[in-house]
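K.L.:
What shape does this take:
(one chain, ligands or ions: 1)
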Amino acid sequence: MAHKSIDPQQIISYQFPLTTFTYTERDVALYALGVGACGSDAVDEKELKYVYHKDGQGFIKVLPTFAALFITGATDSFAKLPGLQFDPNLLLHGQQYIEMHKPFPSSACIENRMEVAGLHDKGKATILEVETKSYEKKSGELLCMNRTTVYLRGAGGFSKSSPPYSYRKYPANQVLTVKIPSSQPFAVQEDCTHQSQALLYRLSGDYNPLHSDPTVAGVAGFSRPILHGLCTLGFAVRAIIKRLCNGEPTMVKSIFGRFLLHVYPGETLITEMWLEGSRVLFQTKVRERNKAVLSGYVVLGQLTSSL
Ligand SMILES: CCCCCCC[C@@H](O)CC(=O)SCCNC(=O)CCNC(=O)[C@H](O)C(C)(C)COP(=O)(O)OP(=O)(O)OC[C@H]1O[C@@H](n2cnc3c(N)ncnc32)[C@H](O)[C@@H]1OP(=O)(O)O
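P.N.:
Model (predicted):
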């Protein structure tokens, strides 16, 4: 369906207002529960630190994918982007890239600077990429960068030229489609999601009714509400940290994930991992449908804090 109401020049030159996000240890723990921490063992020695600290909550450890919460208001910003019209019921999360610059404090006030990083006409869909740099307000230090890719079904076909319109302001080799090796994985982790997983995860701030409302899910083409893409990514990265980093979240320097297929809450996630230098290639499948739902990579190293 052609959308003459999409104006690429207006979209890519838009200046987003500065936004802020404040979180406490309670948000950090709620998020960790939402991505399955301690889900199969309440005293898991590698994961209890994400939800509890015996001397009080001051030193709770923050998972790197918590970065994605800094942009929870972004969906509203996308919907209000001048020059972009789409049906919000048909929006799907396509990809997420996260670059970690500092370990996250267990509570903080964050300032977000957003800009459009990409816009692509795929005919049947438009792909929008938004980059958000998040700074800790007190120190002014850059904590992380999120690049969010959304797939807007039914909103493509706006190009006036051939080849179709495509704009990207970052190096193309930064987010390569991951080729999963044919060899046996180095490590595998299986996690059961709960029927209520999306209802729990949404309390971290993504209230998109696609994940809670059966009618909205039906309009979007699903038999029931689906899991947030960032929840699946959170499960996968937590599994990698558990298996390959001994539970230490500051080992993660960057994360890339492409959402290949939806996940229904209650399904079992199997995350397979391969080592490739300092990169961990991974693929997450759902056991019940034997389908790959997410693939990507995590770059490992050691982050140091000056906070
Ligand atoms: C807080 C801010 C957060 C941001 C907002 C997020 C809000 C959330 O509440 C919403 C969600 O969490 S939705 C749940 C998670 N996402 C999903 O379940 C989507 C799963 N993926 C799919 O269904 C298909 O891959 C689908 C439908 C995405 C694509 O399938 P097809 O239409 O069959 O596409 P295909 O014909 O294979 O390819 C067309 C062109 O698009 C590119 N592409 C495909 N999948 C992509 C993806 N996942 N991400 C980015 N680009 C993608 C292809 O490369 C192709 O382009 P080209 O022809 O140039 O190669």
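
K.L.:
And the strands in the protein?
P.N.:
Counting by DSSP state E, one finds strands in the chain at the ranges 19-23, 91-100, 108-121, 125-136, 142-153, 166-168, 187-192, 252-259, 268-276, 279-286, 291-300.

K.L.:
Which secondary structure elements does the fourth one sit against?
P.N.:
Spelled out, it's strand 125-136. Packing partners of strand 125-136 (3 or more CB pairs under 8 Å, 6 or more residues apart in numbering; DSSP states H and E): helix 74-79, strand 108-121, strand 142-153. Heads up, the C-betas are built off the backbone N, CA and C, glycines and all.

K.L.:
same question, the last one
P.N.:
For strand 291-300, the contact count by 3+ CB pairs under 8 Å, 6+ apart identifies helix 229-244, strand 252-259, strand 279-286 as packing neighbours.

K.L.:
Give me the buried positions along it.
P.N.:
For strand 291-300, burial by neighbour count (16 or more other CB atoms under 10 Å) applies to 293, 294, 295, 296, 297, 298, 299, 300.

K.L.:
And the helices and strands packed on strand 125-136: which comes nearest residue 55?
P.N.:
Distance to residue 55, taken as CB to CB, is lowest for strand 108-121 among the helices and strands packed on strand 125-136, at 19.9 Å.

K.L.:
How many neighbouring residues does residue 64 have?
P.N.:
Using other CB atoms under 10 Å as the criterion, residue 64 is surrounded by 25 other residues.

K.L.:
Identify the residue spatially nearest to it, adjacent ones excluded.
P.N.:
Taking CB to CB, 6 or more residues apart in numbering, and ignoring the residues beside it in sequence, residue 64 has residue 252 as its nearest neighbour in space, at 4.3 Å.

K.L.:
separation between that neighbour and the ligand?
P.N.:
19 Å (CB to the nearest ligand atom, to the nearest Å).

K.L.:
ok, how many other residues are close to that residue?
P.N.:
Residue 252 sits with 26 neighbouring residues when counted by other CB under 10 Å.

K.L.:
Is it correct that it is in contact with residue 237?
P.N.:
Yes: Residue 252 sits in contact with residue 237 when judged by CB atoms under 8 Å, with a separation of 6.9 Å.

K.L.:
ranking the helices and strands packed on strand 291-300 by burial, who's on top?
P.N.:
Each of these was scored by mean neighbour count; the highest is helix 229-244, a mean of 25, by mean count of other CB atoms under 10 Å.

K.L.:
CA atoms only for that helix, dumped as PDB, please.
P.N.:
These are the backbone C-alpha positions of helix 229-244, laid out as PDB (Å, rounded to 0.1, in the frame of the first residue of the first chain):
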ATOM      1  CA  GLY A 229      11.100  -8.400  21.300                       C
ATOM      2  CA  LEU A 230      13.300  -6.800  23.900                       C
ATOM      3  CA  CYS A 231      12.100  -9.400  26.400                       C
ATOM      4  CA  THR A 232      13.300 -12.200  24.200                       C
ATOM      5  CA  LEU A 233      16.600 -10.300  23.700                       C
ATOM      6  CA  GLY A 234      16.800  -9.900  27.500                       C
ATOM      7  CA  PHE A 235      16.400 -13.700  27.900                       C
ATOM      8  CA  ALA A 236      19.100 -14.400  25.300                       C
ATOM      9  CA  VAL A 237      21.700 -12.000  26.600                       C
ATOM     10  CA  ARG A 238      21.100 -13.100  30.200                       C
ATOM     11  CA  ALA A 239      21.700 -16.700  29.000                       C
ATOM     12  CA  ILE A 240      25.000 -15.700  27.400                       C
ATOM     13  CA  ILE A 241      26.100 -13.800  30.500                       C
ATOM     14  CA  LYS A 242      25.200 -16.800  32.600                       C
ATOM     15  CA  ARG A 243      27.000 -19.400  30.400                       C
ATOM     16  CA  LEU A 244      30.000 -17.400  29.200                       C
END
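
K.L.:
Just name whatever secondary elements that helix is in contact with.
P.N.:
Using 3+ CB pairs under 8 Å, 6+ apart as the contact criterion, the elements in contact with helix 229-244 are helix 25-34, strand 91-100, strand 187-192, helix 197-201, strand 252-259, strand 268-276, strand 279-286, strand 291-300.
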